[in-house]
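Chemist: Turn this into a model:
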Amino acid sequence: SKAKVLHEAGGDTLLNHVIRAALHIAPPQQIVAVIGHQAEQVRDSVKVSGVRFAEQREQKGTGHAVLSAREAVDSGPGRLVVLNGDGPLLTPMTLEALIDAQQRHASGAALVTTQMADPSGYGRIIRDERGMVAAIVEQKAATPEQLHIREVNPGAYCFDAHLFWKYIGEIRPDNPAREYYLTDMASILTRHGHAVAPVLVADATELLGINTRAELAVADRILRARKTTELMFAGVTIEYPDTVTIDVDVEVGTDTLIEANVQLRGATRVGSNCRIGTGAALRDCQIEDQVIVAPYVIAEQSTMRSGARVGPFARLRMGADIGNDAHVGNFVELKNTMFGNGAKANHLAYLGDATIGPDVNVGAGTITCNYDGERKHRTTIGDAAFVGSNSTLVAPLTIANGAYIGAGSTITRDVEPDSLALGRAHQVDKPGWAKKRRERKKAG
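Modeler: Numbering: from 1, shown residues only. This next block holds a predicted model:
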């Protein structure tokens, strides 16, 4: 089965969300991800370069996981922040409060806590008379009385690094699961006279750990709501925020309008003063300023340059590049095609593996025949050329600048500049044929 940290919420893996939060308190070179199940896939999924990895070859608990990272982590003075890889909702603000608490109390550690109506599955926080953390008791080892405690440990810690490495060897697997619990460090530090400070977070949803698909869906909703709120505060208008799907890495410029049921996914970048119409679904697209994406445009790995208009019901496949002020209309599909500045394909066309110059007009029903059954071939259409409706352009083919292609033509040879090319059968008229046919049909 898929490693838990590879599941996605908000358009990214759980692990990448945690790393994203950690980057607010440390550079990539100081972040170590402990990997185990599907180690190579997890390693490959991390987007941030410079992050280091340590492999936990045997799954012997959270304490053992951190111990596996010892060679990759600086064991000198300083702080060691330990986070669960399945906590995608943790905010930089909480991490900063965690570090501040450890510094302020000069404590052996600080850890995040929260109150939960249903604390099932979480370690319970045991406080001392000063309000500090005396111990963390995992649910598997808790007494019936301790199970009633609602303050829990979600799994975010800031340790004095020197003390941590000094005492981690005292963790023992003397529990029903025979695992090395990182949570035992709270009682170990306390026993040696080092305080463990709690950082109580009021919003328990921020500390949600993902153990079920239902919890994954909750995290996805929260991350997307955070993203739409962030964009609206930055000057983006979102007409119906509850209906849109915007991944966390998406960027949108000011005064852009996003209509209902829009999907902006992956590394999509949208400029300023754009309009993204109802039902549009864009993945890994680059959209410059003042672009209109009409309703129900589907696009992936494509570029739309300033002033372009696309749709409605257009499809841009990988490698489509729409030039400044160009227009790609309804039921037009482009794939791996450079579509020049001011060019127009207003309706019903397929343009694949093509280079189309500025100010070209492509008539309805035009297709580039780019595949011969074995290889793809390119079509090049020069500046200000005119391609009449229902034209079939058989690649490899070059139509030079200013050329005209007559409607209904099948073009198989290159066309010279400023010339007219016709590639269609002569019309044949048969006077009276239709009348005779009707009479024969009537006669039976």
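
Chemist: all helices for the protein, in order.
Modeler: 14-22, 39-45, 62-68, 92-104, 161-167, 184-191, 213-233, 433-443 (DSSP state H).

Chemist: now the fifth one, how far from the centre of its chain.
Modeler: In this view, helix 161-167 has its centroid 38 Å away from the chain centroid, taken as Cα atoms, centre = their mean, to the nearest Å.

Chemist: Are there helices or strands packed against it, and which ones?
Modeler: Under the contact criterion of 3 or more Cβ pairs under 8 Å, 6 or more residues apart in numbering; DSSP states H and E, helix 161-167 touches strand 79-83, helix 184-191. Yep, even glycine has a C-beta here, placed from its N, CA and C like the rest.

Chemist: what is the mean pLDDT for it?
Modeler: Helix 161-167 comes out with an average pLDDT of 93.

Chemist: Distance to D249 added to the helices of the chain, as JSON lines?
Modeler: Putting the helices of the chain into JSON lines (distance: least, Cβ to Cβ, whole Å) gives the following:
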{"stretch": "helix 14-22", "distance to D249": "9"}
{"stretch": "helix 39-45", "distance to D249": "14"}
{"stretch": "helix 62-68", "distance to D249": "27"}
{"stretch": "helix 92-104", "distance to D249": "16"}
{"stretch": "helix 161-167", "distance to D249": "31"}
{"stretch": "helix 184-191", "distance to D249": "34"}
{"stretch": "helix 213-233", "distance to D249": "9"}
{"stretch": "helix 433-443", "distance to D249": "62"}
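
Chemist: export those helices to JSON lines and tack on distance to I322 and mean neighbour count?
Modeler: Formatted as JSON lines, the helices of the chain follow (distance: least, Cβ to Cβ, whole Å; neighbours: other Cβ atoms under 10 Å):
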{"stretch": "helix 14-22", "distance to I322": "30", "mean neighbour count": "22"}
{"stretch": "helix 39-45", "distance to I322": "31", "mean neighbour count": "14"}
{"stretch": "helix 62-68", "distance to I322": "48", "mean neighbour count": "21"}
{"stretch": "helix 92-104", "distance to I322": "37", "mean neighbour count": "17"}
{"stretch": "helix 161-167", "distance to I322": "53", "mean neighbour count": "18"}
{"stretch": "helix 184-191", "distance to I322": "57", "mean neighbour count": "22"}
{"stretch": "helix 213-233", "distance to I322": "23", "mean neighbour count": "16"}
{"stretch": "helix 433-443", "distance to I322": "45", "mean neighbour count": "9"}
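
Chemist: Ok, which of those comes nearest D255?
Modeler: helix 213-233 (11.6 Å; Cβ to Cβ).

Chemist: report the angle between the axes of that closest one and helix 14-22?
Modeler: 40 degrees (axes from the mean of the first three to the mean of the last three Cα atoms, to 10 degrees).

Chemist: got the contact list for helix 213-233?
Modeler: 7-11, 14, 17, 88-89, 205, 208-210, 238, 241, 244-248, 250, 252 (Cβ atoms under 8 Å, 6 or more residues apart in numbering).

Chemist: List only buried entries from those residues.
Modeler: Among the contacts of helix 213-233, those classed as buried by neighbour count (16 or more other Cβ atoms under 10 Å) are 7-11, 14, 17, 88-89, 208-210, 238, 241, 244-248, 250, 252.

Chemist: So which residues of the stretch 151-300 of the chain form strands?
Modeler: In the stretch 151-300 of the chain, the strands defined using DSSP state E, counting those that start in this stretch lie at 151-153, 156-160, 196-200, 237-238, 245-246, 251-252, 257-258, 263-265, 269-270, 275-276, 281-283, 286-287, 292-293, 298-300.

Chemist: do you know which of the ones you listed lies nearest V73?
Modeler: strand 156-160 (10.8 Å).

Chemist: Put the alpha carbons of the closest one into CSV.
Modeler: The C-alpha trace of strand 156-160 is given here as CSV (Å, rounded to 0.1, in the frame of the first residue of the first chain):
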residue,chain,number,x,y,z
ALA,A,156,5.3,18.3,17.6
TYR,A,157,8.4,18.8,19.8
CYS,A,158,11.2,21.3,20.3
PHE,A,159,14.1,19.7,22.3
ASP,A,160,17.3,21.1,23.6
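
Chemist: List the strands paired with it, with their directions.
Modeler: Using DSSP bridges, the strands paired with strand 156-160 are strand 79-83 (antiparallel), strand 109-115 (antiparallel).

Chemist: how about the ones you listed in TSV, adding mean pLDDT?
Modeler: Compiled in TSV, those are given as follows (pLDDT from 0 to 100):
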stretch	mean pLDDT
strand 79-83	95
strand 109-115	96
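
Chemist: Need the distance between the two termini of stretch 134-146.
Modeler: End-to-end span of stretch 134-146 (Cα to Cα, to the nearest Å): 13 Å.

Chemist: circling back: so which of the strands paired with strand 156-160 is the most packed in?
Modeler: Mean neighbour count (mean count of other Cβ atoms under 10 Å) peaks for strand 109-115 among the strands paired with strand 156-160, with a mean of 24.

Chemist: Touching it from outside, list them.
Modeler: 94, 98-99, 101-102, 125, 133, 136, 150-160, 163-164, 185-186, 189, 194, 196-204, 206-207.

Chemist: Drop anything exposed from these.
Modeler: So, by 16+ other Cβ under 10 Å, the buried ones in the contacts of strand 109-115 are 94, 98-99, 101-102, 125, 133, 136, 151-160, 163-164, 185-186, 189, 194, 196-199, 201, 204, 206-207.

Chemist: Excluding chain neighbours, give the residue nearest to G382 in space.
Modeler: Nearest non-adjacent residue to G382, counting by Cβ to Cβ, 6 or more residues apart in numbering: N401, 3.6 Å away.
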